[in-house]
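Colleague: Based on what follows, work out the 3D shape:
(one chain, ligands or ions: 1)
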Amino acid sequence: MRGPRKTYLLAMYLSVGLLTACSATSSPLSPSSSPSGKPAASPAPSGSVSAPPTASSSDDSKPEDVRPPEINTATLLAVGDVMVHSPQLPAYYDAKSNTYDMSPWFERVAPIFMQADWVIANLETPLAGADLKYTGFPRFNAPAELADALKGAGVQLVSTANNHSMDRGFTGIVRTLRNVRQAGLVPFGTSSSPEDAERLVIEERNGIKLGLLACTYGTNGIPVPEDKKYAVDLIDLPAIREHIHRLREAGADAVSVSLHFGTEYQRMPNEQQIAIAHDVVAAGADVVLGSHPHVVQPYDIIEVSAADSADGEPHRGVVIYSLGNFISNQSEEWQDVGLIFGIKLTKTTDANGESRTEWDAISLTPTKVHMQRVNKKKYYTILPMEQSIKAHNNPKLTAQDYTRMTKQLESLNKHLQSLVK
Ligand SMILES: [Zn+2]
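Modeller: Below is the predicted model of the structure:
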């Protein structure tokens, strides 16, 4: 069977230009025993370039094995909670056509998304139709046009398992899934039928297959109907283990697990989050994408020994405990800030067909929701903080806004790294 790879890659990557220690993981389907000493990934634009093959040859190479390995790369970006509170809607409603257009929220982050291969968001509201009434807190329902706006901005995949999944009951789940699919998004974490629940979400980019699953700690006390338990994936470790196993069996080179968990407004993960993230990496996840606390929590790298892992192999995974609010009307300190979290996946396929997939090049791009009141309506834009500070040319921002954002960004960058040894 495959051996552990303990490649530590140093990679400097976009946005905050961090030096980040990274790890290597591999798929159980990809047996390989040759250690790889790949050089640090260059800070290349995200996307689909093939890195030059590494100069390595195995000791017992047969003639057909001498060909250089094939290298594929693809980048993943993830954002946190996409929320729609009532004050967010009036400015984006067109009475003439009776439609909404939320695309302005995303116009400044769309260019970042467009460079990535997978873009994942947590859709924290049903899109269940106007007849079920659009409402904000505590039980949400937002216009289906939100899905179009997300898709237009470059989001491709939406986790729909969160504590608001059931805000419009099972009907809301079915309608939300229909609406996001109609917009061209791929949902995961909720299901409209037992057959739908059997589907595996595996998205291939540049020859790399990424398996995705999403689970939530609960549904705000709104019960999932007894005969429709398949509707929402809950955080249940044996089920997660089984799901990851099925994704790997179906050919996933890497697995991303979205977890809706933690304590609201707490800037550090709690003991339970840390334990769950560890167990999910032990079950074979490469990436864990946390959301729910509505503030950004740090990322960490989790190492699991062979003795502790589900498949008897050591694993290294990366977890971002909370991605924060991507868009919302929450304006308290740190609640108007979110994170675009990124990694690069590299799949190395040897001449004999064996492959391994590794992640590196963590990218951290903090965002801030800028809100402006004009004629009693509220207008929102998600700003990539560092880019906005550098450009310093946004007429909507005052000198004071820039000073505050600069301080926040500095503090946030430290905060994000605070768990990494
Ligand atoms: Zn939540």
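Colleague: For residue 81, what is the enclosing helix or strand?
Modeller: If you go by DSSP states H and E, residue 81 is part of strand 70-82.
Colleague: For the helix or strand following that strand, give me every contacting residue.
Modeller: Next helix or strand after strand 70-82 toward the C-terminus (DSSP H and E): strand 93-94. With contacts defined as Cβ atoms under 8 Å, 6 or more residues apart in numbering, strand 93-94 is touched by 99, 100, 101. C-beta here means a position set from N, CA and C on the backbone, and glycine is covered the same way.
Colleague: so can I have CSV of the residues you listed showing neighbour count, pLDDT and secondary structure?
Modeller: Shown next, in CSV, are the contacts of strand 93-94 (neighbours: other Cβ atoms under 10 Å; pLDDT from 0 to 100; DSSP: H, G, I helix; E, B strand; the rest coil):
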residue, neighbour count, pLDDT, secondary structure
99, 13, 97, strand
100, 23, 98, strand
101, 17, 98, coil
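Colleague: For the strand holding residue 81, which strands pair with it and how are they oriented?
Modeller: strand 118-123 (parallel), strand 325-327 (parallel), strand 337-349 (antiparallel) (DSSP bridges).
Colleague: now the second one: mean pLDDT?
Modeller: Translated: strand 325-327. Across strand 325-327, the average pLDDT comes to 97.
Colleague: That strand vs the ion: in contact?
Modeller: No - Strand 325-327 lies out of reach of the ion by Cβ under 5 Å from the ion, never closer than 9.9 Å.
Colleague: Quick one: the helices in the protein, in order.
Modeller: Counting by DSSP state H, the chain has these helices, from start to end: 14-17, 103-106, 110-114, 145-153, 169-182, 194-198, 237-249, 271-282, 385-391, 399-416.
Colleague: which residues does the residue in the stretch 251-400 of the chain positioned nearest to the ion contact?
Modeller: Nearest to the ion, among the residues of the stretch 251-400 of the chain, is residue 292, at 3.9 Å (Cβ to the ion). Neighbouring residues of residue 292 by Cβ under 8 Å, 6+ apart: 81, 162, 163, 216, 217, 260, 261, 262, 264, 322.
Colleague: Out of the helices of the chain, which is the most enclosed?
Modeller: helix 145-153 (a mean of 23; mean count of other Cβ atoms under 10 Å).
Colleague: any idea of the mean pLDDT in that one?
Modeller: Per-residue scores along helix 145-153 average to 98.
Colleague: and what of stretch 242-249?
Modeller: For stretch 242-249, mean pLDDT is 97.
Colleague: Ok, stretch 283-292 next?
Modeller: The model assigns stretch 283-292 a mean pLDDT of 97.
Colleague: Wait, residue 76 touches residue 156, no?
Modeller: No - Residue 76 is beyond contact range of residue 156, at 10.3 Å (criterion: Cβ atoms under 8 Å).
Colleague: Mind listing the shared neighbours of the two?
Modeller: 118, 119, 120.
Colleague: separation between residue 288 and residue 314?
Modeller: 17 Å (Cβ to Cβ, to the nearest Å).
Colleague: Looking at those two, which is more packed in?
Modeller: residue 288 (25 against 19; other Cβ atoms under 10 Å).
Colleague: pretty sure that one contacts residue 316?
Modeller: No - assessed by Cβ under 8 Å, residue 288 is found out of contact with residue 316, at 11.8 Å.
Colleague: joint contacts of those two?
Modeller: 281, 302.
Colleague: if we can go back for a sec, so which of the strands paired with strand 70-82 is the most surrounded?
Modeller: Taking mean count of other Cβ under 10 Å, strand 325-327 is the most buried of those, at a mean of 29.
Colleague: so where's the stretch 151-300 of the chain uncertain?
Modeller: Low-confidence segments of the stretch 151-300 of the chain (pLDDT under 70): none present.
Colleague: Kindly report the residues of it close to the ion.
Modeller: So the stretch 151-300 of the chain meets the ion at 162, 163, 292 (Cβ under 5 Å from the ion).
Colleague: Throw these into a markdown table and include distance to residue 281, thanks.
Modeller: Below are these laid out as a markdown table (distance: Cβ to Cβ, whole Å):
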| residue | distance to residue 281 |
| --- | --- |
| 162 | 21 |
| 163 | 23 |
| 292 | 19 |
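Colleague: Output the strands paired with strand 70-82 in a markdown table, with distance to residue 66 appended to each entry.
Modeller: Shown next, in a markdown table, are those (distance: least, Cβ to Cβ, whole Å):
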| stretch | distance to residue 66 |
| --- | --- |
| strand 118-123 | 33 |
| strand 325-327 | 48 |
| strand 337-349 | 15 |
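Colleague: for these, which one sits closest to residue 210?
Modeller: strand 118-123 (5.9 Å; Cβ to Cβ).
Colleague: Please tell me how far the residue lying closest to residue 163 once chain neighbours are set aside sits from residue 199.
Modeller: Distances taken as Cβ to Cβ, 6 or more residues apart in numbering put residue 220 closest to residue 163, at 4.6 Å, once the chain neighbours are dropped. Taking Cβ to Cβ as the measure, residue 220 falls 25 Å from residue 199.
Colleague: so which residue of the stretch 1-150 of the chain comes closest to the ion?
Modeller: Closest residue of the stretch 1-150 of the chain to the ion, Cβ to the ion: residue 124 (5.5 Å).
Colleague: Is it correct that that residue is in contact with residue 83?
Modeller: Yes - the criterion here is Cβ under 8 Å, and residue 124 meets it with residue 83 at 5.0 Å.
Colleague: on that earlier part again, gap between the residue of the stretch 251-400 of the chain closest to the ion and residue 236?
Modeller: In terms of Cβ to Cβ, residue 292 sits 17 Å off from residue 236.
Colleague: who's in contact with the residue nearest the centre of the chain?
Modeller: In the chain, the centroid-proximal residue (Cα atoms, centre = their mean) is residue 78; its distance is 3.0 Å. Residue 78 is in contact with 119, 120, 121, 256, 258, 287, 289, 320, 323, 340, 341, 342, counting by Cβ under 8 Å, 6+ apart.
Colleague: how does it look with 6 Å?
Modeller: In this structure, residue 78 makes contact with 120, 289, 341, judged by Cβ atoms under 6 Å, 6 or more residues apart in numbering.
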